[in-house]
Structures are given as C-alpha cells and as structure tokens.
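Peer 1: Curious how this folds, go ahead:
(2 chains)
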Amino acid sequence: MGPPGTDFERIFHPRRLAIIGVSPEGGYGFGNGMLLACRAMGFTGDILPVNPKGGSFAGLPIYRSVEAIPGDIDFAIVAVPAPAVPEALEACRRKGAAGAEVITAGFGELGTPEGRALEQQIREIAAGGIRVVGPNCFGIYCPASGLTLLPGADLSRESGPVAFLSQSGGMSIDLAHLGKWMGLRFAKVVSFGNGADLREAELLRYLTDDPETGVIAMYVEGVADGAAFFAAIRDAARRKPVVVHKGGLSEAGGRAVVGHTASMGGSRAIWSGVLRQVNAVQVHDLEELAQACLAFSLLPPRTFRGISCIGGGGALGAAAGDAAEAYGIAVPAFPDDLRRRIEALLPRPGSSAVNPIDVANPFVPPAVLGPVLRLAATDDRVELQVLISLLYHYKSQARAMGVPVAGITPFAELAETVAGVTADTGKPVVLVLPDLKRGSDDRDVSGMMAEAREAFVAQGIPVFGEIGNALRSVGHVNAYYGRRDGF
Amino acid sequence: MASDGVATAGRILLEAAGRGQRALAEHEAKQVLAGYGFPVTRGILVASREEAARAAAEIGYPVVLKASSPDIPHKTEQGLVRLDLRDEAAALEAYDGISAALTGHPGAVLVQEMVAGRRELAMGMVRDPDFGPCVMFGLGGILTEILGDVAFRRAPLEPQDARDMMEEIRGRRILEAVRGMPAADRGLLAEMLVGLGRIGLDHEAMQEIDLNPVILAGARPVVADALIVLR
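Peer 2: This next block holds a predicted model:
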C-alpha cells in the first residue's frame, strides 16, 4: 500500500468520477473523449462533467465548478489546459477526491521554466492530500470499474492478472489493445506520464500487495529515485513476476568516462545487471513484454525443463529444437515403444514421432492430435507441450470445396481437445498458430485466425504466432521461477 | 575481506583531493585496495636509478616498471608500462625512459612484481547516476574493450550476486580449469567483488575503480593494475 491516506480503491474503482474539461459544444477534446470512452466501456459509477460554461454533453448536465458538484467525488480526470490544471486539482483536493489523473501535457516535459513550475505546483497540491497520476499521461485503465485510457473506448471489460505501469501513454494503450486479442487480461494499467506524484516505486509497492495483480509489467525510461525503485522492484519480484521493458537504453552521453568500468557501464549494462539482481524479467520490446505476460498469466508458476513439440513439417521441428536449446529447454527423444505407439496414430508415410513429432500434414484432425498429445505427455521428461497448428492451410481445402474457410477449419474442436489434454495430463499445451496468409485476398483467413485465437484464449490456452516467441516466453517463466524458487 | 581499510582509504583520498588530484596514482590506489584486503602486486616507489635497481633486486626478476602518476590514468597507451624486465640493465633502461616521460608530472616510477599468469580478468566500480555504486566483472586486458563481456550489480552485493556475475559472462569458462591451469579461486573473486561495492559505498569521493588486469596467478587473482578516479 502507499503511504497512509492513499486510497487506491477509490482511485481504481471510483463510484463518483469528475471529468474536468468537458465542452458543451462537443468536439474531440480530451475531456469529451474520456467521457464518451468511459461511457462506451460501461463505467459503473456516476460521471460528473465540469466546465465553467455549464450546459450539457451527451445527456449529462455539466457542472460549472468542482465545488458545484453535489456530494463527494472519488476520482477526477483533468483535461483542462495546463495553466488551469493546478486550480482544478486543488478544487478536487478540497472536494475530498482520493486522486486525479492529469491527461494534459505541457509541464516538465517541455523543459521550460514555466513547464517545470507548473509541475512543481502539481507536486505541492498532491502533497496536500490528493494523489496525482500524470501529467502528460493517458490515465488509468481498470476493467473492473470501466475506467479507461485516453483513446480506449473499446478495451476489454474482462479482468485478469496483468498490471502494467508505463511512463509512456502510447505504450499503455498499445498494450491494452494488443492484449485484448492476444488474451491478456488486465487488473489495472497505469500510464503515469511525467510522474509528478505517483510513479514507479510507489505503484510497484501497491501492486505487490494488490490481490488482483498476479503479474506486474512495466515500461520505464528513467527512475526518480534509484534506491527506492531497486528496493520496490526487488520486493515485488520476490512475490510475483515483474516484466520490465527499459526504454532509452542507448548509451547515455555526457557522463564522465575515464576507465574501462565506466565505459562498459552505460545505462544498458547497468540496467541489465540491476534487473537480473532483483530477478525481474527484462524484455526488449512491447511484443516480447506482452508474450511474456501471456505465459506468466496462463502457465502454472513453475519451470518447464523438457517439452514435446508437435507440428507439421520437419523444418518446424528443427526450428523448435533450435529455439528450445537457446532457452535451455530440452526436447527429449522418445523411447522406441512410445515413438511406435504415437506413429501408429499418424498418417504414413511422412510422419515421425521421435520428438519433435512431425504429423506429416496440417489436416491431422483434433481427434488424432488429442491422443498423440496424451501419449506424448506420458513421458516423464515432458513438462509442457508445444503444438504448432498451420490452420491457414485449410484455405486450399475451402477453395477446392467452394466453402468458407472458417466453416471447415476445426479450431473450436481443437481448442476443446487441447484444453482437455492440459486438464487431464496436468501438463500445459502451448499453441503456436502461424498467421502467414495476411494479404488482402486472404481476409477470410485472417478472420478465421482471429476467431481461432479467441477460441483458444477462451479455454485459457496461450497462443503465440511463432515457435521462437513461444519458447522465449517459456524461457522467461523458467528463468523467473527457477531463480525465485531455487531450482 | 578486511574492512579496516576505511580509515587508510579516507586519508589517501583526502590527501589526494587536497593536492587537486582527479585520480589516485596507481601506488595510492593499491594502498587503498590492500587496506580492504585485496590481493595486490608488491610494488616499491623509486626516485633514482639506484633505488630502482635495489627495488628490482628485492622484489626479484622479472619485474614491471610503470609510471605511477595521478595525471596518467592510461599508462599502457603511452608506453609507460614496461613488462617482463629480466635483469638490471633492462630495468635501468626502462627507468630512464619512464622518468623522462614523467618530467613535469607529479608521481614516481613504480617497480612491481611481474605476475605470472595467462588469464586476465577485469573488475571495477562505477557510480551510476540512478543506482549509485555498481560493480563490474568481466574479461580483462584488451578483451574488456573488444568483447565488452561484462556483468554489473548494484552495491551492496551479496556473495550470491558476485557468483551470479561470474556465471553471467559469456567467457565464464576462463574461470574453470583449462589447459593445465587450475580453476580460479571463486571465493576470493567473490570477496573482491563484494569489497568493491563496499568501497564504493564507504567513499563518496570515488567516481570509479578500475582493476584491469586482475591476473590469475594459478588459481589466485592478483590486482596487477588499478585506477581510482575521484569525483
């Protein structure tokens, strides 16, 4: 939890939400945009727009001031021009709001004396008893309450274990949209922008204790207090996985470099060392971050040292072997009797079941893949299974038969089968679903692939687009739990 | 590793700062390290040819002669490190060259034992603007710059952090028994890494410590060259 007095419950799940800077004339201002977005999300509390002009917007009366709102407010979205922000925040503080997010830009990030002075005013008002997210941010997304990010009218309302802290607003909205179709479900996303008040260390401490959060991800460029951040992330990573994308790792100029140690110790090497020291998982872009979070949120909290790999085409198998080796994961060859029992199920010739298992063609039905997966799971060395499914090939069958591809691709049955295998064997199956036909003449395939993904995600099956990404993500899970739990 | 070197180090740093030095001379840096229990090469500062000859004989040939001056952090690049001097004639010739180059700079010529060992490591400390003192470990000698195969940890280090650093570098097999050379004394290496973090925390006045090379004399690491940069 934060310092005494910080009521994060009222910040993330406000029942009465003021939006300051809603224009009665409509238009595309941030205030109007946030109001419409919260409404579209089905925000569960009261929305209380504020503008000195009064009037109404979207059927809601606009209050002329924060003071004029009858009753209390829990949280406020502030979207007035920068010079008017301190007064608006102060009004929220006097009204008893637990917190406010300041969407407006034009503060410390400008590097001007005026910008810095305005940001200092925000800090002082915050110290008087209101917690501030921002300025220069996209705000908070909390699926449970319907609070949403700036351009986020259509984010998921399904809650899940992933929390994301981001200095970048763009990164926060990108992950929220990316996660929606990938199958990431969020507890809360906080874009904290300039971080005048609430920022990385304190938010990490809050999420460490937050029962809704199972995985913490963060995008960070710089930290306000290295020692506080180090202590907070170390404590967090002892409790739950922390996935970090550090941006701006190009070597810092302007620092004194005399000896070898300093010339080797640019921010890149030091950040990598620090993140390893606290057992945080370092990733290098947003997709790797999302994929790692998917693995952490859907796989059981343990290591997976050996895998089976089932797919069509020998090169896929070789790629799996190479990728597995890179992350220290074994693909143990099956004993002869098990190999023969699996091969008896597969089309001949062309298949082979040494592990990786080559199923020979992409049309092997789920009714066969299920028993193959169940047999492979009987090998004690196999702790996780990777199934590579080339569903896009059904386009050629659909074309030959003159029917829609979505109609003949058995993804729903495959999802049921895979979920059943995972549940019965206790060994998770990770799906690799290469999406290789993406041209404008293959929109039917793209549509089918999206439906297929949703079917797998609905069953809690982690889906990746490439074998390398899947195994890299499993590698992150192994690295984290291996070090945390000491094996 | 001994930590009664705090006072010694503090005194050396204070005196150096009083003289307006931006770095410690090698001999001063090694005194700081020795105070903290680091294994450093034996060395004697000399001010004449006679002293040089006497020091070399006392240490025993082969010896190394170096410039020990706060003005010259990169001695090798300027030809002011003369290795493997096998007799008095060679030592005196080196002395003449180095003392001529030192004209106009503070400092003196350092006569040092020549450490026998083919494996060179590097370690150090740098004060990071975000994280404060951070400790480095990696391959030493010219490989430090060529490969950049190094690992960092923030101080204070736990012994496990030091062991993790040794496992983290790509060239970690250099610490194993290879080509008839014994496995490195990882316990002592870990103590040195933990110690570097402690020195960084003890002395705000230090910006950077650069121990390169740390030579493995058999299993035992010895600091052959040391640079301490002041803030």
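Peer 1: Note down every partner strand of the top strand by length along chain A and its orientation.
Peer 2: In chain A, with assignment by DSSP state E, the single longest strand is strand A:159-166. Using DSSP bridges, strand A:159-166 pairs in its sheet with strand A:186-191 (parallel), strand A:215-220 (parallel).
Peer 1: To B:Ile142, which of those strands lies closest?
Peer 2: Of all the strands paired with strand A:159-166, strand A:215-220 sits nearest to B:Ile142, with 34.6 Å by CB to CB. C-beta: built from backbone N, CA, C; applies to glycine.
Peer 1: tell me which strands and helices whichever helix or strand comes after the closest one is in contact with?
Peer 2: Sequence-wise, the next helix or strand downstream of strand A:215-220 (DSSP states H and E) is helix A:226-239. Here helix A:226-239 touches helix A:200-209, strand A:242-246, helix A:267-277, helix A:467-485, going by 3 or more CB pairs under 8 Å, 6 or more residues apart in numbering or on different chains; DSSP states H and E.
Peer 1: what mean pLDDT would you report for the longest one?
Peer 2: Helix A:467-485 comes out with an average pLDDT of 96.
Peer 1: ok, residues contacting it?
Peer 2: A:237-238, A:241, A:243, A:279, A:281, A:283, A:287-288, A:291-292, A:294-296, A:299, A:301-305, A:307, A:309, A:311, A:316, A:319-320, A:323-324, A:326-329, A:384, A:386, A:388, A:430, A:432, A:462, A:464 (CB atoms under 8 Å, 6 or more residues apart in numbering or on different chains).
Peer 1: Out of these, list just those in strands.
Peer 2: Per DSSP E, the contacts of helix A:467-485 map to strands at A:Val243, A:Val281, A:Val283, A:Ile307, A:Cys309, A:Gly311, A:Leu384, A:Val386, A:Ile388, A:Val430, A:Val432, A:Phe464.
Peer 1: Among those, which one is most surrounded by other residues?
Peer 2: A:Cys309 (29 neighbours; other CB atoms under 10 Å in any protein chain shown).
Peer 1: who's in contact with that residue?
Peer 2: Neighbouring residues of A:Cys309 by CB under 8 Å, 6+ apart: A:Gly317, A:Ala320, A:Gly321, A:Ala324, A:Val331, A:Asn355, A:Pro356, A:Ile357, A:Gln385, A:Val386, A:Ile388, A:Ile467.
Peer 1: Considering the residues you listed, which is situated nearest to A:Arg443?
Peer 2: The closest of those, once distances to A:Arg443 are taken by CB to CB, is A:Ile388, at 23.5 Å.
Peer 1: OK, contacts around the closest residue to the closest one other than its chain neighbours?
Peer 2: Among residues not flanking A:Ile388 along the chain, A:Gly311 sits closest, at 3.2 Å (CB to CB, 6 or more residues apart in numbering or on different chains). Residues near A:Gly311 by CB under 8 Å, 6+ apart: A:317, A:320, A:356-359, A:386-390, A:432, A:467.
Peer 1: From these, keep the buried residues only.
Peer 2: Using 16 or more other CB atoms under 10 Å in any protein chain shown as the burial test, these include A:317, A:320, A:356-359, A:386-390, A:432, A:467 as buried.
Peer 1: Make a markdown table from the residues you listed and add distance to A:Glu212 to it.
Peer 2: Shown next, in a markdown table, are those (distance: CB to CB, whole Å):
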| residue | distance to A:Glu212 |
| --- | --- |
| A:Gly317 | 40 |
| A:Ala320 | 35 |
| A:Pro356 | 39 |
| A:Ile357 | 39 |
| A:Asp358 | 43 |
| A:Val359 | 40 |
| A:Val386 | 30 |
| A:Leu387 | 31 |
| A:Ile388 | 34 |
| A:Ser389 | 33 |
| A:Leu390 | 37 |
| A:Val432 | 30 |
| A:Ile467 | 32 |
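Peer 1: ok, back up a step: closest one of the contacts of A:Cys309 to chain B?
Peer 2: Of all the contacts of A:Cys309, chain B sits closest to A:Ala324, with 20.1 Å by CB to the nearest CB.
Peer 1: any idea how far the closest one lies from A:Leu436?
Peer 2: In this view, A:Ala324 and A:Leu436 are 22 Å apart by CB to CB, to the nearest Å.
Peer 1: Looking at those two, which is more packed in?
Peer 2: Taking other CB under 10 Å, A:Ala324 and A:Leu436 do not tie; A:Ala324 has more neighbours (23 against 11).
Peer 1: Residues of chain B that sit close to chain A?
Peer 2: Within reach of chain A by CB under 8 Å from any CB of the partner chain, chain B has these residues: B:23, B:73, B:122-126, B:128-132, B:134, B:136, B:138, B:144-145, B:148, B:150-154, B:161, B:164-165, B:168, B:207-210, B:212, B:227, B:229.
Peer 1: So which of those residues are in strands?
Peer 2: B:23, B:122-126, B:128, B:132, B:134, B:136, B:138, B:150-154, B:207-210, B:212, B:227, B:229.
Peer 1: returning to what we had before: which of the ones in strands among the contacts of helix A:467-485 has the weakest pLDDT?
Peer 2: Scoring those by pLDDT puts A:Gly311 last, at 90.
Peer 1: For that residue, give the beta-bridge partners.
Peer 2: A:Asp358.
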